[in-house]
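Q: Quick one, structure for this:
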Amino acid sequence: MLSETSTATVRATLPAVGAAIGDIADLFYRKLFDAHPELLRDLFNRGNQASGAQRQALAGSIAAFATQLIEHPDSRPDVMLGRIAHKHASLGVTPAQYEIVHTHLFAAIAEVLGDAVTPEVAAAWDEVYWLMAGALISIEQRLYARQGVVAGDVWREWEVVTRIEETDDVATFQLRPADDAPAPAFRPGQYVSVQVELPDGARQIRQYSLSCAPGSRLRSITVKRVRGGGSPDGEVSYHLHTEVEAGDVVRVSAPYGDLVLDSAEAPLLLASAGIGCTPMLSMLEHLAETGHRAPVTVVHGDRSPATHAMRNAHALLTGKLPDAAAHFWYEDPEPGHPADRTGRVDLSGLAVAPGTHVYLCGPLPFMRSVRTQLLAKDIPAADIHYEVFGPDMWLAQD
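A: Coordinates of the predicted model:
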């Protein structure tokens, strides 16, 4: 909880800090990478830095946390903190790195806001930072302990057993531990980080959902090649698609992620678009293997059947459940595809049972649209869960 004195100071200065938070975040990252170029090379996503997405996500999370402290002082934004902590754990973030961030973030705040940063203002925002950092460090330590690793030591080498071409731009890599040790347990919906060495020596990291069920002998990641369309192609997805074949070895983290099934009995709605189908396929396979009997509604949107990765598995796994139905929308469908399933996902004609727990994954506009439609159907916001591939821009845009 924020102290009484700091609460008053943060309340008074939040509008000014909020208005400048984008500039602060931009300057912070420049200072951070000037002092520690290895962090941009080997930890941070260079693509997200170039696009500005990471800066926006940082600004959104700081603003959201500070607002929570002053408007709801007796509660904590655990959902937001948990999502950030899972991502940090998958990267191997250590407590010492929070000290580095603090140094350069507060140098940026002082430079951008100038004389407005009095000792009282600096102390109040320092308290905000360490409340947030302390909460994240604590969650991350528990996540590391759960996987039996220490902070920063999340990586193991995995051998590619099989590579499967799903579509022109999507490939599945089936993996096994290179040391033949048991694979770490995971929950359906979780992801791993994959680290690859690029031609310039950088060791870039990206997260990919596990697209198999926890009981599978092998672990599978299904990777869409990111084509820039005027900007650079995705560095890691390009490398995986062009350089990695069966027999190669890649570095993979322990599994993390908070988009996991939390009810064995409730009706479920699994909604995805594009490559967002991957965590849903893990969930569906798990539900089929464990004999889930409650209703399951599967919703997916894609450009066309040809771009719908693992389309057959999506339908077949749904068909294995006793009370489930799949609804696929395509913007460019095959002849004969139902007219009411053509275009963007539209849930207006779809019944959603009371008590349904919803899981979303896909582009942010898709998830916003589906969430809005579900709220209109009286699904509580607390029962709608989502996963964002990349920085959590939902916070930055709310």
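Q: okay, CA-based contacts and neighbour counts for the rest of this
A: Fine.
Q: Can you get me a residue count around the closest residue to residue 135 other than its chain neighbours?
A: What sits nearest to residue 135 in space, not counting adjacent residues and going by CA to CA, 6 or more residues apart in numbering, is residue 81, at 7.5 Å. Using other CA atoms under 10 Å, residue 81 has 18 other residues around it.
Q: if I look at residue 81, how far off is residue 17?
A: Using CA to CA, to the nearest Å, residue 81 is found at 21 Å from residue 17.
Q: residues contacting the residue nearest to residue 153 when sequence neighbours are not counted?
A: Spatial nearest neighbour of residue 153, excluding adjacent residues (CA to CA, 6+ apart): residue 92 at 6.2 Å. Residue 92 sits next to 151, 152, 153, 154 when contact means CA atoms under 8 Å, 6 or more residues apart in numbering.
Q: Just the buried ones out of those, please.
A: 151, 153, 154 (16 or more other CA atoms under 10 Å).
Q: one step back: and the residue nearest to residue 153, what pLDDT?
A: On pLDDT, residue 92 comes in at 97.
Q: Return the distance of it relative to residue 78.
A: Distance from residue 92 to residue 78, by CA to CA: 20 Å.
Q: do the same with residue 324
A: Distance, residue 324 to residue 78, using CA to CA: 32 Å.
Q: Which one of those two is surrounded by more residues?
A: Neighbours were counted for residue 324 and for residue 78 using other CA under 10 Å; residue 324 has more, 19 against 14.
Q: surely that one meets residue 288?
A: No: between residue 324 and residue 288 there is no contact under CA atoms under 8 Å: 10.5 Å.
Q: Quickly list what's touching both of these two.
A: residue 318.
Q: Following element in sequence after the top strand by length along the chain, please.
A: If you go by DSSP state E, the chain has its longest strand at strand 155-167. Downstream of strand 155-167, the first helix or strand assigned by DSSP states H and E is strand 170-177.
Q: where exactly do the helices run in the protein?
A: 4-35, 37-42, 46-51, 53-71, 78-91, 95-113, 119-147, 235-243, 277-289, 311-319, 364-376, 393-397 (DSSP state H).
Q: roughly how far is the longest one from the heart of the chain?
A: Pointing back at helix 4-35 there. 24 Å (CA atoms, centre = their mean, to the nearest Å).
Q: That helix versus helix 53-71: what angle between them?
A: Angle between the axes of helix 4-35 and helix 53-71 is 170 degrees (criterion: axes from the mean of the first three to the mean of the last three CA atoms, to 10 degrees).
Q: Please report how far the residue at the greatest distance from the centre of the chain lies from residue 101.
A: Using CA atoms, centre = their mean, the residue of the chain lying farthest from its centre is residue 115. It sits 37.5 Å away. According to CA to CA, residue 115 and residue 101 sit 22 Å apart.
Q: Next: residue 48.
A: Applying CA to CA to residue 48 and residue 101 gives a distance of 18 Å.
Q: Repeat that for residue 267.
A: For residue 267 relative to residue 101 (CA to CA), the value is 43 Å.
Q: try residue 346
A: From residue 346 to residue 101 the distance is 43 Å (CA to CA).
Q: Same check on residue 199?
A: In terms of CA to CA, residue 199 sits 28 Å off from residue 101.
Q: go on, residue 75?
A: Applying CA to CA, the value for residue 75 to residue 101 is 25 Å.
Q: mind listing what the residue lying closest to residue 170 once chain neighbours are set aside touches?
A: Spatially, and ignoring its direct neighbours in sequence, residue 170 is nearest to residue 224 (4.3 Å; CA to CA, 6+ apart). Taking CA under 8 Å, 6+ apart, we find residue 224 in contact with 169, 170, 171, 237, 275.
Q: can you list those in JSON lines and add pLDDT and neighbour count?
A: Below are the contacts of residue 224 laid out as JSON lines (pLDDT from 0 to 100; neighbours: other CA atoms under 10 Å):
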{"residue": "169", "pLDDT": "97", "neighbour count": "16"}
{"residue": "170", "pLDDT": "98", "neighbour count": "20"}
{"residue": "171", "pLDDT": "98", "neighbour count": "21"}
{"residue": "237", "pLDDT": "97", "neighbour count": "22"}
{"residue": "275", "pLDDT": "97", "neighbour count": "23"}
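Q: out of those residues, which one sits closest to residue 39?
A: Set against residue 39, the nearest of the contacts of residue 224 by CA to CA is residue 237 (19.9 Å).
Q: got the phi/psi numbers for the closest residue to that closest one other than its chain neighbours?
A: Excluding the flanking residues, the one nearest residue 237 by CA to CA, 6+ apart is residue 225, at 4.9 Å. Main-chain torsions, residue 225, degrees, to the nearest 10: phi -70, psi 120.
Q: if I pick residue 225, what's in contact with it?
A: Residues in contact with residue 225 (CA under 8 Å, 6+ apart) are 169, 170, 234, 237, 238, 241.
Q: cutoff 10 Å now
A: Neighbour list for residue 225: 168-171, 233-242 [criterion: CA atoms under 10 Å, 6 or more residues apart in numbering].
Q: Residue 139 now?
A: Contact analysis of residue 139 by CA under 10 Å, 6+ apart lists 78, 81, 82, 84, 85, 86, 89, 133, 145.
Q: ok, which stretches of the stretch 201-350 of the chain are strands?
A: 203-209, 219-224, 249-253, 268-273, 296-302, 324-330 (DSSP state E, counting those that start in this stretch).
Q: Quick one: closest of the ones you listed to residue 280.
A: Using CA to CA, the strands of the stretch 201-350 of the chain put strand 268-273 closest to residue 280, at 6.2 Å.
Q: measure stretch 198-216 end to end?
A: 30 Å.
Q: Which residues belonging to that stretch are considered buried?
A: Buried positions in stretch 198-216, judged by neighbour count with 16+ other CA under 10 Å: 202-214.
Q: Which of the contacts of residue 139 are buried, as a PyMOL select command?
A: Applied in PyMOL, the following selects the buried portion of the contacts of residue 139 according to 16+ other CA under 10 Å:
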select buried, resi 81+82+84+85+86+89+133
